[in-house]
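Peer 1: Got a predicted model here, sequence first, then my questions.
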Amino acid sequence: MKLYKDGQLVGEFSTTELKELAGVDIEKAAEAVEESLAEATTEFKVGDTVKVVGSSAYQSQGKYIGGKGNVTKIWGDGDVSVKQEDGYKAVYPPSSLELIKEEPEEVLSYENVKVGEYFVITDNTNYHGFEIADVIKVTEHYSPVAFKADKIDGSANWNVRYTDVRRATDAEIAEATNPKEVKFDIGDAISVNGRFAFILCELDSEQEYKIQWYSDGEQTYADKSYIRHATEEEKSHLQTLIGREKDEYKVGDLVELLDGFGGGYRGRAGYIFEVDSVDGSSMPIHLKDNGNKTATNSNTWSRVADLKLITPVEWRHDFVEEVK
């Protein structure tokens, strides 16, 4: 390489000799200049979070379109190296990338929270009564650090700190506020104004059901607007649905044997027996085997925990009408 000064040839040097004279790595210096020029002409810089919107610089397929990642290098020609979230690395032209601008997280306060807006519970630092992930609606400003809010169904109203919520998304608001279609199927346990029954069939109107009361086995009709599903707690014991005390059995009940503990029916779990005596002791229920024999010895006494009520005696004279 020839070196000139003021138009006069000073000398001719090799690249290595020039490096030694200048005390720098000329190739690295040139690369740094190229990168600085590229960075000056592109909107991206190392560390940026970007979204892939087009094919890479050296591959025609666009299978990674939509992926997100971080810029690791800007090349001299302006191309951009990206390491995506799944670890895939590729070089893209700037036109194939979209800069993701991260908005600073909003700090909620009485200044930017309005009555009527919806939020999602994320924490419980002041012992409010909402559950995490509940969608709530602001009803009034309570203090500089908290507001009053209702649960969407109106079942709760509590003071909530601004630090315990985030803004609800449009999808979360729509799901929480739009009434959900409630469907009842044949056999569902339901409450009709506090009295329990089960669905026999749906009538042609789709708003009325034929039902049978648990308490006496009588059948009637109920409008959809007056019924709800029985809760799991309400359904856990059939006795509660028919108006008895929990674990209350009567002579004539048909029961399923869950466990043959201490009884003469060992190994016959799942069989149906009839209650023929109620004693009230530690093993208060005496069972009769209708299908094979009548047992009268002490081994047929059972605990209430070993039994499940299948057909109350009140129903024994009735039969569920066949659904046609």
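Peer 2: Everything's here; your move.
Peer 1: From Glu274, how far out is Lys180?
Peer 2: In this structure, Lys180 lies at 42 Å from Glu274, with Cβ to Cβ, to the nearest Å as the measure. (Glycine included, C-beta is placed from N, CA and C.)
Peer 1: Glu202 is in contact with Ile211, correct?
Peer 2: No - at 10.5 Å, Ile211 and Glu202 do not qualify as touching, with contact defined as Cβ atoms under 8 Å.
Peer 1: quick one: which of those two has more around it?
Peer 2: Of the pair Ile211 and Glu202, Ile211 is the one with more neighbours under other Cβ atoms under 10 Å, namely 23 against 17.
Peer 1: Report the separation between the more buried one and Tyr58.
Peer 2: Going from Ile211 to Tyr58 by Cβ to Cβ gives 69 Å.
Peer 1: hang on, the earlier thing: who has more neighbours out of Lys180 and Glu274?
Peer 2: In this comparison of Lys180 against Glu274, neighbours counted by other Cβ under 10 Å, the higher total goes to Glu274 at 19 against 7.
Peer 1: Tell me the backbone dihedrals of that one, please.
Peer 2: Recorded main-chain torsions at Glu274 are phi -110, psi 140, according to degrees, to the nearest 10.
Peer 1: Ok, the one 3 residues further on next?
Peer 2: Ser277 adopts backbone torsions of phi -160, psi 140, taken as degrees, to the nearest 10.
Peer 1: all strands for the stretch 51-200 of the chain, in order.
Peer 2: Ranges of strands within the stretch 51-200 of the chain are 68-74, 80-84, 89-92, 97-99, 118-121, 135-143, 146-151, 157-161, 165-167, 189-192, 195-202, based on DSSP state E, counting those that start in this stretch.
Peer 1: Of all these, which one is nearest Val53?
Peer 2: strand 97-99 (4.9 Å; Cβ to Cβ).
Peer 1: who does that closest one pair up with?
Peer 2: strand 49-52 (antiparallel) (DSSP bridges).
Peer 1: what's the weakest-modelled helix or strand in this protein?
Peer 2: For the chain, using mean pLDDT, DSSP states H and E, the weakest element among its helices and strands is helix 26-40, scoring a mean of 49.
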